[in-house]
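Chemist: Got a predicted structure here, sequence first:
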Amino acid sequence: MNFTKSALILIDVQNDFCPGGALAVKDGDEVINPLNRLSGLFAANGGRVIATQDWHPADHVSFRKLWPVHCVQGTSGADFHASLDLKSACLIVRKGFRRELDSYSAFFENDRATSTGLDGFLKALSIDTLVLGGLATDYCVLYSALDAAALGYKTVVVSDAIRGVGIPAGSMERALDSLKEAGVTLAPSGDIQ
């Protein structure tokens, strides 16, 4: 891998998505060790490390319909997990901060039109390959990877650095199928070098 043209994106490794959090993903904290190893690898070889962070207002639209209150701006639940190594991160993309608009993807809000600015940032750095891991497989990782592929990036999802919500039933299987159909590569962290 040409690390100087690659970026690692750490998706929403936040307290509320880890065990004990408001919207805990089963074994969510198990993504941290492989992501930390990859962060070190990218940093040592000239790659970029980027983190995304759900950053919701207290009255966010998703709390009315879909999800329990989670990742509220300024709360400990919205903080990155303490074990996540962010010292190499060059950018944190906050998403879901518009009250009436939810956001799963690192690239676009759920209206599919409002950009987070990440694509422009990556293009300015001549990044052509993205490696993604984090939480949750069937939502934020899925939509981020699908958008990355649609935007023309060679896209890899780290199979041992993702965990899913699994709601509704079958969402994990559908997510993995959708990634494969979009040309996204699923690879264990040990294969990335």
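Modeler: Nice, thanks for sending it over. Numbering: from 1, shown residues only.
Chemist: Can I get the helix or strand bottoming out on mean pLDDT in the chain in PDB? Just the C-alpha atoms.
Modeler: Least confident helix or strand of the chain, by mean pLDDT, DSSP states H and E, is helix 62-65 with a mean of 90. Taking Å, rounded to 0.1, in the frame of the first residue of the first chain, the C-alpha atoms of helix 62-65 are listed here in PDB:
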ATOM      1  CA  SER A  62     -32.900  10.700  15.400                       C
ATOM      2  CA  PHE A  63     -33.800  10.600  19.100                       C
ATOM      3  CA  ARG A  64     -37.500  11.000  18.300                       C
ATOM      4  CA  LYS A  65     -37.800   8.100  15.900                       C
END
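Chemist: Low-confidence stretches in this structure?
Modeler: The chain contains no residues with pLDDT under 70.
Chemist: Scan it for its longest strand.
Modeler: strand 154-163 (DSSP state E).
Chemist: what helices or strands is it leaning on?
Modeler: Contacts defined by 3 or more Cβ pairs under 8 Å, 6 or more residues apart in numbering; DSSP states H and E place strand 154-163 against helix 32-44, strand 129-135, helix 142-150, strand 185-187. Just so you know, the C-beta spots here come from the backbone N, C-alpha and C atoms, and that holds for glycine as well.
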